[in-house]
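okay, predicted coordinates and the sequence, questions at the end:
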Amino acid sequence: MLVCTQVVAQNFTKQDTLRGSITTERAWWDLTHYHLDIEVKPTQQTISGSNTIQYKVVSSNKKTLQIDLQSPLQITKAVQNGTELEVTHDGNAHFIHLAEAQQLGKVYSVIVFYEGKPKVAKNPPWDGGITWKKDNNGLPFIASSCQGLGASVWWPCKDHMYDEVDSMKISVTVPKNLMNVSNGRLIKTEKRDENTKTYHWNVQNPINNYGININIGDYVHFGEKYTGEKGVLDMDYYVLRDNLAKAKEQFKDAKRTMEALEHWFGPYPFYEDSYKLIEAPYLGMEHQSSVTYGNGYKNGYQGKDLSKTGWGMKFDFIIVHESGHEWFANNITNIDIADMWIHESFTAYSENLFLNYFYGKKASAAYVIGTRKKIQNDKPIIGIYNVNHSGSDDMYYKGANMLHTIRQIIDNDEKWRQILRGLNSDFYHQTVTTEQIENYISEKSGIDLSSVFDQYLRITDIPVFSYAIEGNVLKYRWRNCVDHFNMPVKVVLNKQEIWLTPTTSWNTKMQMNAIKSFEVNENFYVKTEDNSK
């Protein structure tokens with residue numbers, strides 16, 4: 001793997017390291033279960049309650065446990081087996097000093113109590129926190145969103161992607177005229193007192209921290225059954241009361257999305273926890289089994305076609321994209337946020353796979369090629385490791401075009417489909433590295449794609465197919481690329497489609513007749529340069 005040479009100098013702090021690395025105080029224990037039990041008070045815009053953190057000891061002689069919680073929220077106490085524990089603080093990292101010896105292989109739990117006014121989301125979901133809004137009837141409309149920023153912006157947890165909790169319970173107390181919708185299945189609704197109710201949700205599958213959410217509002221529910229690859233899937237929809245009629249029409253795309261993406265990616269990974277689509281007071285987010293939606297009940301991206309081809313108006317962008325994350329982000333999760341391309345590139349690519357399934361290969365190709373206009377090539381797609389740093393936003397459409405290019409190289413759509421399905425099967429419910437994904441695709445395709453990944457993920461330059469035509473001779477090479485770049489490419493030479501395997505040195509192809517026409521197949525994300533005299 002090529003070391004990134006185009007990283008812009010940045011000043012990282014100790015807090016970045018505490019947040020973004022597997023510290024000594026994180027490494028010795030493995031999450032097994034959370035029970036988040038909180039009360040949300042809309043009027044005061046506060047959250048208070050506790051998180052019971054169950055864990056297994058995987059390394060001996062350790063007694064300090066790192067929990068993350070971002071200010072202005074505060075940990076008020078931590079308790080294990082009835083004993084209140086000492087807690088020391090270093091910014092948003094909090095160190096619980098355990099009184100008991102922690103025996104290797106044993107399972108323990110600690111209850112962390114907290115309270116306060118969480119960070120208000122400024123531009124959710126990109127700059128997240130808690131969104132406090134009101135619906136058209138003046139009732140509270142509240143939601144969490146925290147990708148990148150971290151789940152610790154609204155609840156105490158082990159806030160690093162490498163360790164997903166195996167299962168979880170979420171209990172949320174809200175005013176009695178509102179409902180909370182979270183991940184998994186609703187197992188009980190409990191009247192707490194004259195003014196509040198508690199909604200208890202249960203998650204059976206492993207789940208990443210940022211995929212956990214609360215959604216509070218005057219919701220109404222409808223649903224349907226989808227007969228999929230693993231049986232009958234419950235598909236439940238929660239929308240604001242006034243939007244029920246619009247949702248019943250627009251959310252037809254949910255079932256279509258499930259059909260298309262199961263075809264390409266394999267079975268929906270969370271049948272046990274159901275699939276939910278929930279109206280939210282922001283654009284949307286891929287919360288596991290609890291996808292949030294705020295696209296205004298319009299096709300496209302807020303009513304616009306990102307590809308400017310017309311094909312982007314054939315589907316509701318948020319339903320397709322955020323649901324695509326159930327496979328790439330929630331089923332397969334990056335260990336380090338620097339590798340977030342694993343989430344976003346495959347999911348941006350799922351948009352054109354949806355089109356491929358329903359409208360054909362030409363439509364899907366036109367769409368993904370159309371999105372190239374959004375690529376900035378400003379910095380590498382892979383970020384900086386161990387400091388909670390993601391790479392360029394090009395991870396979306398440059399990443400999707402990289403995958404589309406790889407599909408052309410493999411030149412066998414069924415093999416490509418089986419690779420995508422194999423990723424979701426072989427890395428089922430796992431956290432992964434870029435290297436694992438790269439090696440898997442190269443191995444299963446039988447093609448060494450390392451230079452392709454290096455080119456598109458680790459530097460910003462787009463490879464240039466440089467050529468010159470002299471009579472019946474074509475000279476060609478790759479330029480503006482990594483030294484070992486050897487990507488094969490499909491071209492049309494005198495109206496005949498052929499494969500070439502350029503390197504960074506000049507190669508020559510001689511034809512029987514004069515070369516009158518030449519072009520590189522547009523499905524390859526490259527530039528061309530004609531050096532003919």
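Sure thing, it's come through.

contact partners of stretch 23-37?
17, 49-60, 62, 64-66, 93, 95, 102, 107, 109, 155, 157-158, 160, 163-171, 212 (Cβ atoms under 8 Å, 6 or more residues apart in numbering). Placement of C-beta: from N, CA and C, glycine included.

just the buried ones from these, in PyMOL syntax?
Applied in PyMOL, the following selects the buried portion of those according to 16 or more other Cβ atoms under 10 Å:
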select buried, resi 49+50+51+53+54+55+56+57+62+65+66+93+95+102+155+157+158+160+163+164+165+166+167+168+169+170+171+212
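
in helices only, show me the contacts of stretch 23-37.
Counted as lying in helices by DSSP state H, out of those, are T17.

show me the contacts of stretch 23-37 that map onto strands.
The strands, defined by DSSP state E, take in 49-57, 64-66, 93, 95, 107, 109, 167-171 from the contacts of stretch 23-37.

which parts of the stretch 251-400 of the chain are strands?
275-279, 284-285, 291-293, 332-334 (DSSP state E, counting those that start in this stretch).

could the ones you listed go into JSON lines alongside mean pLDDT?
Output for the strands of the stretch 251-400 of the chain, formatted as JSON lines (pLDDT from 0 to 100):
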{"stretch": "strand 275-279", "mean pLDDT": "98"}
{"stretch": "strand 284-285", "mean pLDDT": "98"}
{"stretch": "strand 291-293", "mean pLDDT": "98"}
{"stretch": "strand 332-334", "mean pLDDT": "98"}
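
will you turn those strands into CSV that also has distance to L474 and mean neighbour count?
Output for the strands of the stretch 251-400 of the chain, formatted as CSV (distance: least, Cβ to Cβ, whole Å; neighbours: other Cβ atoms under 10 Å):
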stretch, distance to L474, mean neighbour count
strand 275-279, 52, 26
strand 284-285, 48, 25
strand 291-293, 49, 27
strand 332-334, 41, 24
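
in the chain, which spans are helices?
14-20, 24-27, 244-250, 252-265, 317-324, 341-359, 361-370, 397-410, 413-426, 434-445, 450-453.

what comes up buried for the longest one?
When neighbours are counted by 16+ other Cβ under 10 Å, the buried residues of helix 341-359 are found to be 341-357, 359.

excluding its backbone neighbours, what's nearest R417?
W264 (6.0 Å; Cβ to Cβ, 6 or more residues apart in numbering).

tell me how far stretch 179-193 lies from the chain's centre.
Between the centre of stretch 179-193 and the centre of its chain there are 26 Å (Cα atoms, centre = their mean, to the nearest Å).

need the residues that contact it.
Here stretch 179-193 has contacts from 40, 168, 170, 172-174, 176, 197-204, 207, 211-219, 238, 273-274, 276, 278, 287-290, using Cβ under 8 Å, 6+ apart.

buried members of those into ChimeraX, please.
The ChimeraX command for the buried members of the contacts of stretch 179-193 (criterion: 16+ other Cβ under 10 Å) is given here:
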select :40,168,170,172,173,174,197,198,199,200,201,202,203,207,211,212,213,214,215,216,217,218,219,238,273,274,276,278,287,288,289,290
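
residues in contact with the nearest residue to I437 once chain neighbours are set aside?
Of all residues not flanking I437 in the chain, I342 sits nearest, at 5.8 Å (Cβ to Cβ, 6+ apart). Each residue near I342 by Cβ under 8 Å, 6+ apart is listed here: 328-329, 332-334, 432, 434, 437.

residues near R256, how many?
For R256, the neighbour count with other Cβ atoms under 10 Å is 16.

now do M402
Around M402 sit 23 other residues, with neighbours defined as other Cβ under 10 Å.

so who does the residue lying closest to it once chain neighbours are set aside touch?
Excluding the flanking residues, the one nearest M402 by Cβ to Cβ, 6+ apart is Y456, at 4.1 Å. Shown in contact with Y456 (Cβ under 8 Å, 6+ apart): 381, 398-399, 402, 405, 525.

go through those residues and single out the one with the most neighbours.
Neighbour counts for those, by other Cβ under 10 Å, peak at I381, which reaches 29 neighbours.

isn't that one right next to I459, touching?
No. Applying Cβ atoms under 8 Å as the test, I381 and I459 come out as separate, 9.5 Å apart.

low-confidence stretches in the stretch 251-400 of the chain?
Within the stretch 251-400 of the chain, no stretch has pLDDT under 70.

before we move on, back to that, export the strands of the stretch 251-400 of the chain as a markdown table, with columns for distance to N137.
Formatted as a markdown table, the strands of the stretch 251-400 of the chain follow (distance: least, Cβ to Cβ, whole Å):
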| stretch | distance to N137 |
| --- | --- |
| strand 275-279 | 14 |
| strand 284-285 | 22 |
| strand 291-293 | 19 |
| strand 332-334 | 38 |
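
all set, thanks.
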